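Chemist: can't give you the sequence, but here's the structure:
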């Protein structure tokens, strides 16, 4: 166990609920760091992978959470989080957890849902932190994720040493819901910028530029961005980008479409006069409606290329 983790109040049992492509590696990193973790996932393949990584598994979410000091959720949507907290056909996690349990939600959900989940947790006598992540599967496996955290200051200090075992950058964004607010803004930037980068490469092809020539210019000029220099949508210039692996994710198109819908919800609820975010949401919704759902989101370039004259 690291020195930071050993002196953190959050060193008791961690119930890790949701061990998919992101949650599984995150939980494995906690195990490697010496934390006591018990997991749960309803998907047999996720259970098999977790056991192979040395993660003890509970038979139910309630069993995992009942004695935990921290209940960490990594679930597909806000509805899943709220249903798990409150229960659907029986008691929810909030009612069976020990008093003053820290509920740490690393899912990506609506800001309003995150604030509702926090209010429910606090009303039930617990603490709440929302900490969505950025960095994809590669970051989850390497322990280099960025966590955007919404929490009271004292709860942030409690959970920070745990997050540091799964990520390299931990940012306290503000009170409950602020982590989700930062995530939705960040991913709107990412979706819009990837479309712009992809369109530029297709335009470059039409104008006779090689991919490398355009990359060498834009990556060292005002067009420089993460979508270009890390997740480049064409093979060659960035050997580690998904474009070199036939767009195997990475960060799947279905997840980008989901995150942009969350951004669209936030734009509509706040009355922001945005145009690029909603347009990017429509483009990725169409991409994810086909085989783009399971491809890296940088694969949007193939759609742009196919539709070009």
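Modeler: Great, that's in hand. Just so it is clear, the structure is predicted and the values come from calculations on it, not from any experiment.

Chemist: and the strands in the protein, which stretches?
Modeler: Per DSSP state E, the chain carries strands over the ranges 14-17, 37-40, 70-73, 102-105, 127-130, 133-134, 145-150, 167-174.

Chemist: out of those, flag the one nearest residue 63.
Modeler: Among the strands of the chain, strand 37-40 comes nearest to residue 63, with 7.4 Å by CB to CB. All C-beta atoms are positioned from the backbone trio N, CA, C, and that covers glycine.

Chemist: other SSEs contacting that closest one?
Modeler: Strand 37-40 is packed against strand 14-17, helix 23-32, helix 61-65, with contacts defined by 3 or more CB pairs under 8 Å, 6 or more residues apart in numbering; DSSP states H and E.

Chemist: ends of stretch 95-102, how far apart?
Modeler: One end of stretch 95-102 sits 13 Å from the other (CA to CA, to the nearest Å).

Chemist: that stretch: how far from the chain's middle?
Modeler: For stretch 95-102, the gap between its own C-alpha mean and the chain's C-alpha mean amounts to 25 Å (CA atoms, centre = their mean, to the nearest Å).

Chemist: now stretch 194-214
Modeler: Centroid displacement of stretch 194-214 relative to its chain, using CA atoms, centre = their mean, is 29 Å.

Chemist: and the longest helix for the protein?
Modeler: Counting by DSSP state H, the longest helix found in the chain is helix 178-206.

Chemist: measure stretch 69-79 end to end?
Modeler: Start and end residues of stretch 69-79 are separated by 23 Å (CA to CA).

Chemist: and stretch 134-146, by the same measure?
Modeler: Distance between the boundary residues of stretch 134-146 (CA to CA) amounts to 5 Å.

Chemist: follow-up on the earlier one: redo the strands of the chain as a markdown table? Include mean pLDDT and mean neighbour count.
Modeler: As requested, those are exported to a markdown table (pLDDT from 0 to 100; neighbours: other CB atoms under 10 Å):
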| stretch | mean pLDDT | mean neighbour count |
| --- | --- | --- |
| strand 14-17 | 98 | 27 |
| strand 37-40 | 97 | 24 |
| strand 70-73 | 98 | 27 |
| strand 102-105 | 98 | 28 |
| strand 127-130 | 98 | 28 |
| strand 133-134 | 92 | 22 |
| strand 145-150 | 97 | 25 |
| strand 167-174 | 98 | 18 |
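
Chemist: same list, those, but as a markdown table with distance to residue 198 please.
Modeler: Converted to a markdown table, those look like this (distance: least, CB to CB, whole Å):
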| stretch | distance to residue 198 |
| --- | --- |
| strand 14-17 | 35 |
| strand 37-40 | 37 |
| strand 70-73 | 33 |
| strand 102-105 | 32 |
| strand 127-130 | 31 |
| strand 133-134 | 20 |
| strand 145-150 | 23 |
| strand 167-174 | 26 |
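
Chemist: can you tell me the distance between the two ends of stretch 78-97?
Modeler: 20 Å.

Chemist: residues in contact with that stretch?
Modeler: With contact meaning CB atoms under 8 Å, 6 or more residues apart in numbering, stretch 78-97 is reached by 17, 61-62, 65-66, 68, 71, 73, 75, 103, 105, 107, 109-110, 113-114, 116-117, 120-121, 124, 126.

Chemist: one more: stretch 41-52?
Modeler: Outside stretch 41-52, the residues touching it (CB under 8 Å, 6+ apart) are 17-20, 23-24, 27-28, 39, 57.

Chemist: in those residues, find the pair that's most separated.
Modeler: Farthest apart among the contacts of stretch 41-52 by CB to CB are 17 and 28. That separation is 15.0 Å.

Chemist: quick test: name the residue nearest the centre of this protein.
Modeler: Nearest to the centroid of the C-alpha atoms of the chain, with distances taken as CA atoms, centre = their mean, sits residue 133, at 4.0 Å.

Chemist: show me the beta-bridge partners of that one.
Modeler: Beta-bridge partners of residue 133, counted by DSSP bridges, are residue 147.

Chemist: for it, list the residues it contacts.
Modeler: Residue 133 neighbours (CB under 8 Å, 6+ apart): 22, 26, 106, 108, 139-140, 145-148, 166-167, 183.

Chemist: what's the distance between it and residue 91?
Modeler: 28 Å (CB to CB, to the nearest Å).
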